[in-house]
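Asker: got a predicted model here, sequence first, then my questions.
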Amino acid sequence: MIITDVRCHVLLAPNMDESLTSSAQDGFLVVIETDEGLTGIGETDVNPWIARACVIAPGTHTMGRSLREMLIGEDPLDIERLWRKLYVGSAMNGRRGAGVHAIGAIDVALWDLRGKAEGVPVHELLGGAKQQHVVPYASLQPAGASFEEYRDSLVEWALRAKSLGFRAVKTEVTMNGPYAHSGLNEPYERHTEVVAAVRQAIGPGVALLVDVQYMWDDAKLALETLLDWREFDISFIETPLWTDDLDGYAELSEALPMRVAAGEWLATRFEFEELMDRGKVAVAQPDIGRVGGLSEAMKVAALAAERGIALVPHCWKTGVSVAATAQFAFANEHCEYIEYLPPQLCIETLRKELADDGLVFEDGYISPPTAPGMGAIVDMDAVERYEVA
């Protein structure tokens, strides 16, 4: 079997709002075709026009080659060798960032194709299921243009998630800083009010995760607020500082009563090694597409296991990425949660319509997928509706 084509799909939701901090409003799919009729589908979380250029742009020299051109004629089942070929062959274009994110979509598609070729779910190819079930958490996105509306919308979403059986929720609490919701500029004390309201609403039996979206400029400023959150029994605080402030992350990790989590933007095991060893985070959050695909995510998982660090992968895309994230989680026993939204909690057009993740959510747990490949079912009519390039 050989690869005959690599097709790219740039997708855009018709109701996209550039003022929102949500990358689920666009999409980038890669479809790998073979001479035997088997196909694999992958996705990544990056500006889709940039990812498309990384894949299809003609090569100009030996370390600035086209990802697509490097794949044509290759054996799609030789995934590890292909990852290395793509990474080295595009090193002067990528090595980190968008170049690796684009490789991530290709890698996910290759694992999907191999699972279909061998008739097994991908987690079996990654060493078999290490967990009987995976705990998903619901990501709760606030609404409203005032503090009261913001707080009350999060409480409402949290209660809805609890009623659906979720054992964990993650609430965005960001009313200050570069990603403040809807132009709000509330003092940090009011963020404490929001966290308190959500915890009171869900009670002690539901795990509470809090994403503050890089809100603070330095660790000292963050500590002035976060130390007041010890009473809320927070499982972890996500991305309190800018990604590159590794010394600040280490300071927070040593001083806070709750765990610190980060890593959603990182590409390759090498960046995660720095985050773990210098940043001293307790929770690593690889995004399967962004980190370079399942091949690289598994290497990150091994680094985390060696250090006793938990995995909670980031995933804010369609069912294609959700399915890949679940396969990764079942292959790693130290994966505590995955990010997951059923249709009842999903407001994003592409997340709702593009693909069925194929997962079974019951009693707060997700069961191991059994379908060959990733298990996601892509609605190609939806792809056609939302494709813009």
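Answerer: That came through fine.

Asker: and the host helix or strand of L208, what does it pack against?
Answerer: Here L208 sits within strand 207-211, counting by DSSP states H and E. Under the contact criterion of 3 or more Cβ pairs under 8 Å, 6 or more residues apart in numbering; DSSP states H and E, strand 207-211 touches strand 135-140, strand 168-172, helix 188-202, strand 234-238. Placement of C-beta: from N, CA and C, glycine included.

Asker: and if we set it to 6 Å?
Answerer: In this structure, strand 207-211 makes packing contacts with strand 168-172, strand 234-238, judged by 3 or more Cβ pairs under 6 Å, 6 or more residues apart in numbering; DSSP states H and E.

Asker: could I get the average pLDDT for the last one?
Answerer: Mean per-residue pLDDT for strand 234-238: 98.

Asker: which strands and helices lie in contact with that strand?
Answerer: So strand 234-238, by 3+ Cβ pairs under 6 Å, 6+ apart, packs with strand 207-211, strand 259-262.

Asker: strand partners (parallel or antiparallel) of it?
Answerer: When pairing is defined by DSSP bridges, strand 234-238 lines up against strand 207-211 (parallel), strand 259-262 (parallel).

Asker: right, so of those strands, which gets closest to A51?
Answerer: A51 sits nearest to strand 259-262 of all the strands paired with strand 234-238, at 22.7 Å, using Cβ to Cβ.

Asker: give the next helix or strand downstream of the closest one.
Answerer: Going down the chain from strand 259-262, the next helix or strand is helix 268-277, by DSSP H and E.

Asker: got the contact list for that following helix?
Answerer: V100, G263, L266, V281, A284, G292, E296, K299, V300, L303, R307, I309 (Cβ atoms under 6 Å, 6 or more residues apart in numbering).

Asker: kindly report the same for stretch 307-316.
Answerer: By Cβ under 6 Å, 6+ apart, the surrounding residues in contact with stretch 307-316 are 23-24, 264, 276, 283-287, 301, 304, 321-322, 325, 332, 334-337, 339.

Asker: out of those, which are inside helices?
Answerer: Residues of the contacts of stretch 307-316 located in helices (DSSP state H): M276, A301, A304, S321, V322, T325.

Asker: wait, what's in contact with the second one?
Answerer: Same thing as A301. By Cβ under 6 Å, 6+ apart, the residues touching A301 are L311, N332.

Asker: do that again at 10 Å, thanks
Answerer: Shown in contact with A301 (Cβ atoms under 10 Å, 6 or more residues apart in numbering): 126, 269, 272, 284, 286, 294, 309, 311, 313, 328-329, 331-335.

Asker: return the distance of stretch 129-148 from the chain's centre.
Answerer: Centre-to-centre, stretch 129-148 and its host chain are 12 Å apart (Cα atoms, centre = their mean, to the nearest Å).
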